[in-house]
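Undergrad: here is my input, please return the structure:
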Amino acid sequence: MNNALNNAAALCIAAVERDTGLGKDTLRVWERRYGFPKPDRDAKGERLYPADQVEKLHIIRCLLDRGQRPSKVVGASTEELRAMLEVPDEPRAADAPVGGSDLLQYVRLGRTVELAVSLRKALLRQGLQRFVAETVAPLSEEVGAAWMRGEIQISDEHAYTEQMQNVLRGAIGSFGPAGERPRVLLSTLPGEDHVLGLLMVEATLVSEGTACLSLGARTPMADLGRAAVENAIDVVGVSFSGAFPARQAIDRLLELRAMLPPQIALWAGGAAVRGKQKRLPGVRVVADLDDTRQALAEWRSAHLPARA
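TA: Numbers count the residues shown, from 1 in each chain. This next block holds a predicted model:
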């Protein structure tokens with residue numbers, strides 16, 4: 001009788017995902033890696049999450065949003081987590097801007113040290129996925145627009161890009177090499193030097209528990225194809241900035257698609273290929289970071305066995 005009552009109050013994994021904002025794959029990875037959550041099972045073997053575990057997941061999500069790492073909080077007791085919540089957020093210094101416009105002012109003034117410090121503080125507050133979506137993406141657009149308007153010099157844009165890449169590489173490295181499928185190989189092709197967008201995608205994927213291997217910029221297609229096969233890659237992802245000729249990007253993607261084994265998916269993103277899906281059969285054009293997560297969910301749904 002008690003088990004029946006408990007099951008009635010429990011939530012299925014889809015409901016927990018909607019309620020907490022934590023993805024199904026994230027919950028399963030934590031279950032294996034950290035021993036929490038510990039769902040019950042219904043008669044069909046489907047996961048059921050008791051109310052107390054859902055409450056704990058809510059606390060964990062709050063702490064992740066404040067910059068805590070999963071390894072520090074998922075295995076902690078509810079009492080320990082509540083104690084962490086009671087610790088106030090680090091106060092913001094009066095001269096430490098947090099908004100995109102304030103950060104852009106640091107770029108305009110060439111204050112690279114202050115920019116780097118503020119970016120790292122934003123990363124700690126927001127966590128990697130929110131940092132990429134809410135700080136990196138809009139700020140990068142602002143910096144690009146400021147350069148187009150002549151408000152900053154190319155050296156300012158390069159300094160910004162270098163600082164942002166350093167912050168993202170450090171954050172990505174903290175996740176370690178392990179990850180869940182798909183195994184994703186990331187690079188740009190010869191002639192494309194811009195890798196910030198690629199790093200944003202990598203950060204989004206690793207925060208979703210994906211195993212990523214980055215080859216950086218300007219990898220020849222033959223080498224990219226060989227690396228994909230040798231490393232048992234599931235998805236090859238390439239990016240093209242708006243500076244790359246769209247016609248050339250399409251031609252190279254079609255050539256790369258023909259070169260790759262059919263079982264390896266090819267994803268492409270960036271301004272040069274945005275809206276070009278109809279001209280790229282066999283290529284998944286990724287519109288933005290949200291669409292990156294959608295492409296990931298589609299791949300897992302199509303290629304991984306259904307997990308309760």
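
Undergrad: after the lengthiest strand in the chain, which helix or strand is next?
TA: Ordering each strand of the chain by length in residues (DSSP state E) puts strand 180-187 first. The helix or strand immediately downstream of strand 180-187 is helix 196-206, counting by DSSP states H and E.

Undergrad: and the angle from the next helix or strand after that following helix to strand 180-187?
TA: Sequence order places strand 210-214 as the next helix or strand after helix 196-206, per DSSP H and E. Between strand 210-214 and strand 180-187, the angle comes out at 20 degrees (axes from the mean of the first three to the mean of the last three CA atoms, to 10 degrees).

Undergrad: so for strand 210-214, what's the average pLDDT?
TA: Strand 210-214 shows a mean pLDDT of 94.

Undergrad: go ahead and produce CSV holding the CA coordinates of that strand.
TA: Taking Å, rounded to 0.1, in the frame of the first residue of the first chain, the C-alpha atoms of strand 210-214 are listed here in CSV:
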residue,chain,number,x,y,z
THR,A,210,28.5,14.7,-25.0
ALA,A,211,32.0,13.4,-25.8
CYS,A,212,33.7,16.0,-28.0
LEU,A,213,37.1,16.0,-29.9
SER,A,214,38.1,19.4,-31.3
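
Undergrad: could you check the angle that strand makes with helix 196-206?
TA: 150 degrees.

Undergrad: need the contact partners of the helix or strand that comes right after strand 210-214.
TA: Downstream of strand 210-214, the next assigned helix or strand under DSSP H and E is helix 221-230. If you take CB atoms under 8 Å, 6 or more residues apart in numbering as the criterion, helix 221-230 is touched by 185, 187, 189-190, 213, 215, 219, 233, 236, 238, 252, 255-256, 259-261, 264. Placement of C-beta: from N, CA and C, glycine included.

Undergrad: thinking again about what came up before, which other helices and strands does the longest strand of the chain contact?
TA: Contact here means 3 or more CB pairs under 8 Å, 6 or more residues apart in numbering; DSSP states H and E; on that basis strand 180-187 packs against helix 196-206, strand 210-214, helix 221-230, strand 235-239, helix 289-303.

Undergrad: leaving out sequence neighbours, find the closest residue to A271.
TA: Among residues not flanking A271 along the chain, G242 sits closest, at 3.5 Å (CB to CB, 6 or more residues apart in numbering).

Undergrad: list the helices and strands the lengthiest helix in the chain packs on?
TA: Selection of the longest helix in the chain by residue count, based on DSSP state H, yields helix 154-173. Counting contacts by 3+ CB pairs under 8 Å, 6+ apart, helix 154-173 is packed against helix 100-109, helix 112-126, helix 137-148, helix 196-206.
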